[in-house]
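Colleague: Generate coordinates for the sequence data below:
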Amino acid sequence: MRVLVVSDIHSNLSALDAVLADAPAYDQIWSLGDIVGYGPQPCECIARLSEYEHQRIPGNHDWGAIGKISLDVFNKQAAKAALWTREQLSASDMAYLGELDEVLELEGVTLAHGSPRAPIWEYVVRADIAMENMAAFSTRLCLVGHSHVPVAYWQQHAGRNCIGLQLPEGEPFSYAEGRSLINPGSVGQPRDADPRASYLVLDTSAETVEHRRVAYDIGATQTLMRSRKLFGRNIDRLEYGI
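Modeller: The predicted model follows:
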């Protein structure tokens, strides 16, 4: 099976559409959470994903926007964006974001937004954190989002330390040996100093992932955010990927 893996779309329809246009042929989309939050088009992003066969899990911004988790732990701008998003969502949008398992296992791959042991909130940003999470899933590969940074953590043998690896752009990365925990980066708000939308193409038969980037119309998203009175830092950071 070939899968388009996306994460952290964050209501950025321009970025999502660029990914959908750029991606090679695939059978299904897997979304690793945070479809909404920060950006100007939450309903449109939900509608666009719904046009395709897809699987999804929740992120903290998804559940914050529908009131399923408290906004007290969000920073001020993220909380305001979540409240604005809540006002835009229809009842069917709210159900779409709310009726989800925190962790899924599909085609021999585990999906979690933050981490497999703490799916909504934990950031896997170091090799030691990745190693601690290896006991929380049983598959060879786990896909996570949340940090907005594309990275692979690889463990050759059980009990060994994990190694952090930069994903080569446009080249297949094999997860056939050992175990891997991989983040595709963010579609709608990258934070690795590269403003292009980031995603993966997963081939479960070949046991490979390919990391891909695509430019999108950042200015169009920024213009919409300003017109909808969304918040300054989240507008400016899009062009720098931070």
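
Colleague: looking at the chain, which residue lies furthest from center?
Modeller: Gly159 (27.8 Å; C-alpha atoms, centre = their mean).

Colleague: what about that one, is that helix, strand or coil?
Modeller: Here Gly159 takes the coil state, with states given by DSSP: H, G, I helix; E, B strand; the rest coil.

Colleague: what comes into contact with stretch 68-85?
Modeller: Contacting residues not belonging to stretch 68-85 are listed as 11, 36-38, 42, 58, 60-61, 63-65, 98, 120-121, 228, 230-231, 233-234 [C-beta atoms under 8 Å, 6 or more residues apart in numbering]. All C-beta spots, glycine's among them, are computed from the backbone N, C-alpha and C.

Colleague: try 6 Å this time
Modeller: 36-38, 42, 63-65, 98, 231 (C-beta atoms under 6 Å, 6 or more residues apart in numbering).

Colleague: Over to stretch 125-136?
Modeller: Contacts of stretch 125-136 (C-beta under 6 Å, 6+ apart): 115-117, 124, 147, 153, 155, 161-162, 164, 181.

Colleague: how far is the longest helix belonging to the chain from where the chain is centred?
Modeller: Criterion DSSP state H: the longest helix present in the chain is helix 76-88. Helix 76-88 sits 19 Å away from the centroid of its parent chain (C-alpha atoms, centre = their mean, to the nearest Å).

Colleague: Could you list every helix and strand in contact with whichever helix or strand comes after that helix?
Modeller: Sequence-wise, the next helix or strand beyond helix 76-88 is helix 91-98, with elements assigned using DSSP states H and E. Applying 3 or more C-beta pairs under 6 Å, 6 or more residues apart in numbering; DSSP states H and E, we find helix 91-98 packed against helix 42-50.

Colleague: Restricting to C-alpha, output the helix it packs on in CSV.
Modeller: What follows is helix 42-50, C-alpha atoms only, in CSV (Å, rounded to 0.1, in the frame of the first residue of the first chain):
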residue,chain,number,x,y,z
PRO,A,42,-10.2,25.0,9.3
CYS,A,43,-13.5,24.0,7.7
GLU,A,44,-12.0,24.0,4.2
CYS,A,45,-9.1,21.7,5.3
ILE,A,46,-11.6,19.2,6.8
ALA,A,47,-13.7,19.3,3.7
ARG,A,48,-10.6,18.8,1.5
LEU,A,49,-9.4,15.8,3.4
SER,A,50,-12.9,14.4,3.3
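
Colleague: Near Ala206, how many residues? Count them for me, please.
Modeller: Per other C-beta atoms under 10 Å, the neighbour tally for Ala206 reads 13.

Colleague: my hunch is that it is in a strand, does that hold up?
Modeller: No. Counting by three-state DSSP, Ala206 is not found in a strand; it is coil.

Colleague: please begin residue numbering at 473 from this point
Modeller: New numbering, starting at 473: the last item is Ala678.

Colleague: Quick check: bridge partners of the closest residue to it other than its chain neighbours?
Modeller: Leaving out its chain neighbours, the residue that sits closest to Ala678 by C-beta to C-beta, 6 or more residues apart in numbering is Pro644, at 7.2 Å. Counting by DSSP bridges, Pro644 forms beta bridges with Glu682.

Colleague: I figured Pro644 was touching Thr680, is that so?
Modeller: Yes. Counting by C-beta atoms under 6 Å, Pro644 touches Thr680, with 4.0 Å between them.
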